[in-house]
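*Asks:* Give the three-dimensional model of this entry:
(chains A and B)
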Amino acid sequence: MFTLLNRTSAKNIPKLVTKPSLSIPCCTLTTSPSEPLLPITQDAYLVNLILKSDSEALTREILHNPIVGWAPDLVNKVLKLLWNHGPKALQFFKLLDHHPNYAHSSSSFDHAIDIAGRLRDYKTLWTLVARMRSCRLGPNPKTFAIISERYVSAGKPDRAVKVFLSMHIHGCPQDLNSFNTILDVLCKSNRVEKAYNLFKVCKGRFKADSVSYNIIANGWCRIKRTPKALEVLEEMLKKGLNPSLATYNIMLKGYFRAGQIKEAWEFFLQMKKRKCEIDVVTYTTLVHGFGVVGEIKRAQKVFNEMVVEGVLPSVATYNALIQVLCKKDSVENAIVVFEDMVRKGYMPNSITYTVLIRGLCHAGEMERAVELMNRMKDDECEPNVQMYNIIIRYFCDAGEIEKGLNFFEKMGSENCLPNLDTYNILISAMFLRKKSDDLLVAGKLLIEMVDRGFLPRKFTFNRVLDGLLLTGNQDFAKEILSLQSRCGGLPRQIKL
DNA sequence: ATAGGGTTAG
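*Replies:* Predicted coordinates:
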C-alpha cells in the first residue's frame, strides 16, 4: 500500500482564496404601501413579482417595465432565487427571451438548462440548447457538465454518457477536460463502474492524465473499494504519472470511508515519514475520520497537533470538529469550539451553522437553535432551506406543529423557497395531531408543491386522500384526485 | 464545472 508514497509529490500550489463580494445592488422601488419601506434588493423584488403575477401581468412587467434595467447578473440572481420554483423560473426566462432590447447571456442559458434538467423537462432542455446555439452563445463544456449531471441524478447515467459522446454534434468538441468532468459526474453519483468502463474505453483517445486517475480512484474510495483505488493508482504510476498530495488525501479519506482506521493512520504516518507536504486537507480528513468513529480524543489530538506542525486549521477543519463533537460528544463542547473559532477571527459559514443548529435541535435545545439562527444573520449568513427544514422537522417532531408552520411561513418571506423535503416534512406533520383542519392544510401543501414543480410520491397522495375521505372532505379529496391524475404523466421531481 | 477536507436526519 505504500508504493504510492515512494514517488515525490508534486509541489503543492497554494490556492488563492477570494471572498465573493456580498454587497447586493439595491433597488429604490417600493412594492406596496403595506410592505416595509426598507430598500429591497431588485432581485428580491422581481422574484416576488414573478411569484405573484399571472402570465399577463408578468408579460407586462418583464417586457415593458422601463424601470428594470435587465442585465445578465440580475437575470442570474433571479433564476437562482427561483431555484425551488422551476416552472416559474422557466416561464420568466422564456418571456425575457422575447424582450425587444435584451438578449440572454450564455450563463443565463446554463441556469435555465439546469432548472429544466432538474424538472426533468428534457424537451425544454434541448430546446434551450438549440436556442443557445442559434444565438451563438454555446453550448459550451459547462453546459454539457450540467446536462450530464442532471441525467445522472435522474437515474439515467447511460444518457449522460451518450450526451458526452455526442457533444461535438452540438458544436462543442470533447477534450480531456470534458472527459474528466463526465468521469467525475459519474463518480460523484456513485456510478463508479460506469465511469470506470468509460475511462477504460476512452483513456487513450483523450490522453488521460493524473487528474483522470485521481477521479477514478476517488470514485472507488467513495464506494469503499480501496483495493480497486490502489489498483488504478498503480496503473497511473506505471504510466509515469506522478501522484500529488490530492492523490494521497484521496486514499487517506478512502481508508476512513471503508472503516480501515488503522490503515488510515499507518498511511498518514508513511506520508509524514516520506516527507509528503501534509496540508490542512490531510488534517481535516483525520479529524473528521477519527470523529465519526467516535474517537473524539484522537480527533482533538490531531486538531491540536496540526498547529504545532505549522498547519493552521481552516473553517472546514473547525466544521469537522464541531460536527463530530455534536454527534459523538456533546453539543456544549461543540459550542466551546465554535466560540473559540470566532474568538480567533474565523468567520463561521452556513455549514458551521447547519451543523450546530442540528446539534442543538437534537439535544432538545430548540430555543437556542432558533436564537443561533437569528444570530447568524449578523455574520452575513442567511438561513437556507436545509436549516429551515431542520428547525421545522424538530418542532413538528416535538409536537409543536404551529411553530413548524410559522417557520414555513417565515421562509417564504425571506427569499428562501421551500424544497421537496420541506413539503414532505410538513405534510407528514399534518397527520400527527389527528385534526381534520390539519388535513386541509396537507391538501393545500400538496397542491402548492405540484404548482412549484415538485412531484409528490404516490404514498403522499394516498395518505392525504385517505385522510380527507375519513374526515368527510369528499370534495377536496376529489380535487386532489384530479390533481394526481394530472401529475400521472409528469416525471418525478427529485430534491436538490 | 478538471481532482482531495466540512451539512443530508433510516
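
*Asks:* Please, where are all the strands along chain A?
*Replies:* Defined through DSSP state E, the strands belonging to chain A, from first to last, are A:26-27, A:40-41.

*Asks:* per-residue confidence averaged over the first one?
*Replies:* When you say that, I think you mean strand A:26-27. In this model, strand A:26-27 carries a mean pLDDT of 32.

*Asks:* same deal with stretch A:177-193?
*Replies:* In this model, stretch A:177-193 has an average pLDDT of 97.

*Asks:* Point out the residues in the stretch 101-250 of chain A that sit beside DNA strand B.
*Replies:* Among all residues of the stretch 101-250 of chain A, those adjacent to DNA strand B (criterion: Cβ under 7 Å from any atom of the strand) are A:110, A:114, A:141-142, A:145-146, A:149, A:176-177, A:180-181, A:184, A:188, A:209-211, A:214-215, A:218, A:244-250. (C-beta placed from N, C-alpha, C; glycine too.)

*Asks:* From these, keep the buried residues only.
*Replies:* Using 16 or more other Cβ atoms under 10 Å as the burial test, these include A:110, A:114, A:141-142, A:145-146, A:149, A:180-181, A:184, A:188, A:209-211, A:214-215, A:218, A:244-250 as buried.

*Asks:* Sort out for me which of these are in helices.
*Replies:* Members of those lying in helices (criterion: DSSP state H): A:110, A:114, A:141-142, A:145-146, A:149, A:180-181, A:184, A:188, A:210-211, A:214-215, A:218, A:245-250.

*Asks:* Count the residues that sit near A:Phe144.
*Replies:* Close neighbours of A:Phe144, defined as other Cβ atoms under 10 Å, add up to 25.

*Asks:* Name the nearest residue to it, ignoring sequence neighbours.
*Replies:* Residue nearest to A:Phe144 in three dimensions, not counting chain neighbours: A:Met167, with 5.3 Å by Cβ to Cβ, 6 or more residues apart in numbering.

*Asks:* what residues are up against the one you found?
*Replies:* A:Met167 is in contact with A:Pro141, A:Phe144, A:Pro173, A:Gln174, A:Ser178, counting by Cβ atoms under 8 Å, 6 or more residues apart in numbering.

*Asks:* I'd like the distance between it and DNA strand B.
*Replies:* 13 Å (Cβ to the nearest atom of the strand, to the nearest Å).

*Asks:* Find me the pLDDT at that residue, would you?
*Replies:* The score at A:Met167 is 97. That number is its pLDDT.

*Asks:* With A:Pro14 instead?
*Replies:* On the pLDDT scale, A:Pro14 gets 29.

*Asks:* how far away is the residue nearest to A:Phe144 from A:Ser148?
*Replies:* With distances defined as Cβ to Cβ, to the nearest Å, the gap from A:Met167 to A:Ser148 amounts to 10 Å.

*Asks:* Let's see stretch A:276-289 as PDB, backbone CA atoms only.
*Replies:* C-alpha atoms of stretch A:276-289 as PDB (Å, rounded to 0.1, in the frame of the first residue of the first chain):
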ATOM      1  CA  CYS A 276       4.900  14.500   1.800                       C
ATOM      2  CA  GLU A 277       3.800  18.000   2.200                       C
ATOM      3  CA  ILE A 278       0.900  17.500   4.600                       C
ATOM      4  CA  ASP A 279      -1.700  20.100   4.400                       C
ATOM      5  CA  VAL A 280      -4.900  21.300   6.100                       C
ATOM      6  CA  VAL A 281      -7.000  18.900   3.900                       C
ATOM      7  CA  THR A 282      -5.000  16.000   5.300                       C
ATOM      8  CA  TYR A 283      -5.600  17.100   8.900                       C
ATOM      9  CA  THR A 284      -9.300  17.800   8.300                       C
ATOM     10  CA  THR A 285      -9.600  14.300   6.900                       C
ATOM     11  CA  LEU A 286      -8.100  12.900  10.100                       C
ATOM     12  CA  VAL A 287     -10.200  15.000  12.500                       C
ATOM     13  CA  HIS A 288     -13.400  14.000  10.700                       C
ATOM     14  CA  GLY A 289     -12.300  10.400  10.200                       C
END
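
*Asks:* what about that stretch and DNA strand B, any contact?
*Replies:* Yes. Stretch A:276-289 comes into contact with DNA strand B (Cβ under 7 Å from any atom of the strand), by way of A:Asp279, A:Val280, A:Val281, A:Thr282, A:Thr284, A:Thr285, A:His288.

*Asks:* Narrow those residues to those that are buried.
*Replies:* A:Asp279, A:Val281, A:Thr282, A:Thr284, A:Thr285, A:His288.

*Asks:* quick check: domain ranges of chain A?
*Replies:* Residue ranges for the domains of chain A, per automatic domain parsing: A:53-138, A:279-345, A:347-417, A:435-496.

*Asks:* Tell me which stretches of the stretch 151-300 of chain A form helices.
*Replies:* When assigned using DSSP state H, counting those that start in this stretch, the helices of the stretch 151-300 of chain A occupy the ranges A:157-165, A:176-188, A:192-202, A:210-222, A:226-238, A:245-257, A:261-273, A:280-292, A:296-308.
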